[in-house]
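> Show me the folded form of this:
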Amino acid sequence: MIHAIRKMQGFKIHATDEELGHVEDWYFDDEKWVIRYLVVKTGFWFLGKEVLVSPHSITGVDWQAREIRVSLTKKQVEDSPDIDTHQPISRRKESEFHLYYNVPAYWGGLGLWGHEMVPDGRPVESEVDQMDGCAGEDEHLRSVKEIVGYRLHAVDGDIAQVHDFLFDEDTWALRYITANLSRSGGRRLVISPKLVDHVVWARAHVAVNASKEQILAAPALESEQAIDRDFEARLFAHYTMHPYWVEEEAAQE
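Residues are numbered from 1 along each chain as shown. Prediction:
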C-alpha cells in the first residue's frame, strides 16, 4: 500500500522492551529513490539524541495508533555507532551501521535492497559482504525534510513546490513526488521519480523531463484522495512509461 511519508512524522518508535522516541526525518537514496533510514529522536540524553533506524528492523507500522515497532532493544540503539544526522553520511559510516546491526547492505545488487526487493532483516553472511563497495566516501543520502519545499522545475520553467512523497510500505521505495498547485492544498500534482532528470541541491530545485503543459494535463489527486493502481496506470500511460511494478517483476525473473 502507498502512503504519504510525512504523515509518519512524529510516530512513536517502540523497541522490544520500551519506547525509543519518535520519527523526525527520513534519509532516501537519490539513485534508486528508496527510504534507507528513519531518523529517530530518542530521549536517552538531555534534549535527546538522533539515531538511524533501518527498515530492515521494522516489524510493523500502525497508522491508526501512530506507532512503529522495531526488532531492537533500547540498549542496542544506545550503543549503536555514533552518526551525526546533521552532516552528510558516507558509505563507510553506513557500513559500520549495517555491521553493528548485522543486517544486509542495500548496495551491490540489482534489487531495491541489494539482491532483494524488500528489506527483510535477515542477517548478513559475512563482514566482507557488508564492506564490499564502501571504500569511497560518496555522499548519496538525502533528507526528505530538506527537499520538501524545493521548486519543481519543468523543461520550460517552474511549476510548483514539492510537498510530499508517496512511498510503498512493502519496499520503502519513494514511488511519487507530490506538489500542490496552491498553498491551500486542493489539486496535487503527482510525479514519478522516473521523470526526474536531476536535483540541483545548491539551487533547491527538482528538474523534471516534462513540460508544464504535459504535467498539468496528467492525472492529479484531489485534496486527500488516496492513490490506487488504476490511478497509477493512467499516470504512467499519460507519460508513456513502463510502470515500476512491471520493471520490478521483470528484475526478479
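> secondary structure element for E247?
helix 244-252 (DSSP states H and E).
> any low-confidence regions in this structure?
By pLDDT under 70, the weakly predicted segments of the chain are 44-48, 121-139, 182-186, 251-253.
> can I see the domain layout of it?
As assigned by automatic domain parsing, the chain contains the domains 2-141, 148-252.
> Redo these as TSV? Include mean neighbour count.
Any C-beta I mention is one placed from the backbone N, CA and C, and that applies to glycine too. As requested, these are arranged in TSV below (neighbours: other Cβ atoms under 10 Å):
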stretch	mean neighbour count
domain 2-141	16
domain 148-252	16
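> Need the nearest residue in space to the spatially most central residue of the chain, chain neighbours excluded.
Central residue of the chain (Cα atoms, centre = their mean): I35, 2.4 Å from the mean position. In space, I35 comes closest to W172 once its chain neighbours are excluded; the distance is 4.3 Å by Cβ to Cβ, 6 or more residues apart in numbering.
> So what does the one you found look like in phi/psi?
phi 70, psi 20 (degrees, to the nearest 10).
> List the residues that contact V190.
Going by Cβ atoms under 8 Å, 6 or more residues apart in numbering, V190 touches 166, 176-178, 218-221, 227, 235.
> Restricted to helices, list those.
L235 (DSSP state H).
> Out of the contacts of V190, flag the one nearest to M1.
I227 (9.5 Å; Cβ to Cβ).
> contacting residues around that closest one?
Counted by Cβ under 8 Å, 6+ apart, I227 has contacts 2, 166, 176, 190, 221.
> and what of V200?
Neighbours of V200 in contact, by Cβ under 8 Å, 6+ apart: 153, 206-207.
> could those residues go into CSV alongside distance to G21 and secondary structure?
Converted to CSV, the contacts of V200 look like this (distance: Cβ to Cβ, whole Å; DSSP: H, G, I helix; E, B strand; the rest coil):
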residue, distance to G21, secondary structure
H153, 36, strand
V206, 30, strand
A207, 35, strand
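> just to revisit the earlier point, strands - which of the contacts of I227 land there?
2, 166, 176, 190, 221 (DSSP state E).
> how about those residues in a markdown table, adding distance to Y27?
Below are these laid out as a markdown table (distance: Cβ to Cβ, whole Å):
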| residue | distance to Y27 |
| --- | --- |
| I2 | 20 |
| L166 | 17 |
| Y176 | 18 |
| V190 | 23 |
| L221 | 25 |
